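A.B. asks: Quick one, fold the following:
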Amino acid sequence: MPRVGLTPAAVVDRALELVDEHGVQELTLAAVAGRAGVATPSLYKHVPGGLAELRRLVAVRVTGELADRLADAALGRSGDAAVAALMAAYAAYATEYPRRYAAVPQAPREDDPEQLAAATRLVEVVLRVLAGYGLDGAEAIHATRTVRAMAHGFASLATGGAFRLAEDRAVTLDRMTRVLTEGLRSWP
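C.D. replies: Here you go, the predicted model:
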């Protein structure tokens, strides 16, 4: 019988604590079980697929968290202000949770409805923001890829320690966002 109070969501919570402290590469069932106060085999009652399933659940959660952050940031804004809020929220999430951000899959598994739904929600946030520029169809997809490449590139470089020069990263993000919004306003 599953431990009272321990649910699949609680197991993912413990897994994310571990990821935040040590990185996704240190995610093991034994470490999560220790945090949850149960024996490792007990986790299989909550995460039947073992470590692979737990990693999948972590990926779904962090993708959903990122989508929520972007949606909250863009809410009530349009055009350049929405893009700036989205870019800032993306960078802030990656900066706040650099190890968790590393668990966001770059491409969702097509055979995983939960992962696909979380990734789709993330893309839909960007598409809604880009609708303010009159972009739809193929051009909206190209623009979404551009936003994603810029946001992920900045986040990956920032969390990877690549921005070591003294200049303020926030200024860099602002300048990059301005380049992006100017490009979106004159999109082909």
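
A.B. asks: just the helices in this protein please.
C.D. replies: 8-22, 29-36, 50-74, 79-96, 98-101, 113-131, 137-159, 169-185 (DSSP state H).

A.B. asks: which sections of the protein are below the confidence cut-off?
C.D. replies: For the chain, the stretches with pLDDT under 70 are 1-4.

A.B. asks: just to revisit the earlier point, could you dump the helices of the chain into TSV with mean neighbour count and distance to S42 added?
C.D. replies: Glycine gets a C-beta too; all of them are placed from N, C-alpha and C. Converted to TSV, the helices of the chain look like this (neighbours: other C-beta atoms under 10 Å; distance: least, C-beta to C-beta, whole Å):
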stretch	mean neighbour count	distance to S42
helix 8-22	18	10
helix 29-36	18	7
helix 50-74	19	12
helix 79-96	19	31
helix 98-101	20	24
helix 113-131	19	23
helix 137-159	16	33
helix 169-185	15	43
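
A.B. asks: With distance to Y44 as added columns, please give the ones you listed in CSV.
C.D. replies: Shown next, in CSV, are the helices of the chain (distance: least, C-beta to C-beta, whole Å):
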stretch, distance to Y44
helix 8-22, 10
helix 29-36, 8
helix 50-74, 7
helix 79-96, 31
helix 98-101, 24
helix 113-131, 19
helix 137-159, 32
helix 169-185, 43
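
A.B. asks: So what would you say the end-to-end distance of stretch 156-165 is?
C.D. replies: 16 Å (C-alpha to C-alpha, to the nearest Å).
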